[in-house]
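**Student:** Provide a 3D model corresponding to the input given below.
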Amino acid sequence: MADELSAPLGKKKHRTPKPARRFGLGELPLARLGFGIVALVLVGAALRLALVSDPEGGRPSATVAINSTRDDNRIAGQVAAPAPAAKAAPITAGPEIAVGPNASITTIGDDVPSGAPTTAAVNKQGVIPDLTEDTKDGPLPRMSATGETPFHAYSRPAPPANGKAMLAIVVTGLGLNEAGTLDAVDKLPPDISLAFAPYGKTLDKTVAAARAAGHELLLEVPLEPFDYPETDPGPQTLLTGKPARANIDKLYWLMARFGGYIGLINHTGARFTASSADFGPVMEELGTRGLGYLDDGTSNRSIAPELAAANKVPFGRADVLLDANPARTPILAALDALASKAAAQGQAIGVISALPVSIATVAEWAGNLADRNVQLVPVSALMK
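**Tutor:** Model prediction:
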């Protein structure tokens, strides 16, 4: 600093040049060189993948013939060889064959569907096998694969009304007394429907007799009344407040006692038929199996009509209990009232028990219907 101040103006101080800088091995830019080398490798690999088609990745491979030139397996060769195109064969119709008046058509085999529900022959138990389901409780009615229902198959055809009002009578409580049941079957006209209780010891005999006489059948099911258990309808009674599965199990047992019926009718059950939570699953089961339901008309709180409509169950409701007073004169009066109701509304349903006086009175009254403007029909004809 002092030399510069003491130097003459206009003259620059001469600076000694610094020796040239040399780079040693430790001073080379190694990081940059490394990144450059990696970049070159990546670019090369990318170019190879893009320009060279080598699915083996450069791995050495060799081709070895494993098939002999000799055709030792002629069957395999025939299968593998393409089949020659087949020529369409012409279809020609033969001459028309005249059918005589005594000609008939016979279907070979019992498993050939006809395209429409038809009623097949019943077995020795009196039921149609295609409408029967085998269970641990016994055979249960069911809808067939073609859509035919037990209600339709086991219904008795109704006679022509000929402009008359239609009237149906259902006798309940049959099957418990063998002699009384057989007597009722013999005395009553075939168009009167019969309801059997599930507890008879000779149901096979009595039900078969009723079926042979042409009567339409119903199954009587015990349902919980309001004063249960003081009034006990019988074993396997369906109860309110129980799991639906428990009641359905009881229903299966009851339904398996005999077969060939069009549907169910209640025995008591004012409490049960008023509970949609308990009665609903039962009515749903009837709809699934193609069965009908007849309400005996003793409870105004029954929701059976609504449940039957919701589940497409053929339904009817009795208009008159014919032997509320089980004596001949009151029963005749009730029958006349039923006929008047049928004439007024076009149809009516009456229910009567299987008491001897009731059976005798109904048989007597039905024998004089020719002079009345009413037609006796099976109850299925009045179930919608």
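**Student:** average model confidence for stretch 237-245?
**Tutor:** Across stretch 237-245, pLDDT averages out at 98.
**Student:** go on, stretch 144-157?
**Tutor:** Mean per-residue pLDDT for stretch 144-157: 97.
**Student:** contact partners of it?
**Tutor:** Applying Cβ atoms under 8 Å, 6 or more residues apart in numbering, the external contacts of stretch 144-157 come out as 113, 116-119, 128, 130-131, 141-143, 190-191, 193, 214-217, 260-263, 289-292, 314, 378, 380-381, 383. Where you see a C-beta, it was placed from the backbone N, CA and C, and this is true even at glycine.
**Student:** Just the buried subset of those, please.
**Tutor:** Among those, those that count as buried by neighbour count (16 or more other Cβ atoms under 10 Å) are 117, 128, 130-131, 141-143, 190-191, 193, 215-217, 260-263, 289-292, 314, 378, 380-381, 383.
**Student:** Just the ones in helices from those, please.
**Tutor:** Counting by DSSP state H, those place residue 289 in helices.
**Student:** List the strands paired with the strand ranked longest in the chain, with their directions.
**Tutor:** Counting by DSSP state E, the longest strand found in the chain is strand 165-174. Strand pairing for strand 165-174, determined by DSSP bridges: strand 193-196 (parallel), strand 347-353 (parallel), strand 374-376 (parallel).
**Student:** who touches the longest one?
**Tutor:** In this structure, residues lying in contact with strand 347-353 by Cβ under 8 Å, 6+ apart are 165-173, 265, 294, 296-297, 316-323, 326, 331, 334-335, 338-339, 341-342, 358, 362, 379, 382.
**Student:** Which of those residues fall within strands?
**Tutor:** Going by DSSP E, the strands hold 165-173, 265, 294, 316-317, 320-321 from the contacts of strand 347-353.
**Student:** From residue 234, how far off is the residue nearest to residue 353 when sequence neighbours are not counted?
**Tutor:** Sequence neighbours aside, residue 173 is the residue nearest to residue 353 in space, at 5.0 Å (criterion: Cβ to Cβ, 6 or more residues apart in numbering). From residue 173 across to residue 234, the span is 11 Å (Cβ to Cβ, to the nearest Å).
**Student:** who touches both of these two?
**Tutor:** Shared contacts of residue 173 and residue 234, defined by Cβ under 8 Å, 6+ apart, comprise residue 197.
**Student:** between the two, which one's more packed in?
**Tutor:** Neighbour tally, residue 173 and residue 234, criterion other Cβ atoms under 10 Å: the higher count belongs to residue 173, 20 against 15.
**Student:** Now for the spatially most central residue of the chain: which residues touch it?
**Tutor:** Centroid-nearest residue in the chain, with Cα atoms, centre = their mean: residue 288, separated by 5.1 Å. Shown in contact with residue 288 (Cβ under 8 Å, 6+ apart): 143, 311.
**Student:** Low-confidence ranges, the protein, go.
**Tutor:** For the chain, residues meeting the criterion pLDDT under 70 lie at 1-31, 33, 43-120.
**Student:** before we move on, the earlier item: so which of the ones in strands among the contacts of strand 347-353 comes closest to residue 301?
**Tutor:** Closest approach between the ones in strands among the contacts of strand 347-353 and residue 301, by Cβ to Cβ: residue 317, at 12.9 Å.
**Student:** Can you tell me the element residue 222 falls in?
**Tutor:** Following DSSP states H and E, the helix or strand that holds residue 222 is strand 217-222.
**Student:** Which residues does that strand contact?
**Tutor:** 154, 170, 172-173, 193-198, 207, 210-211, 233-238, 251, 254-255, 257-258, 260-269, 294, 379.
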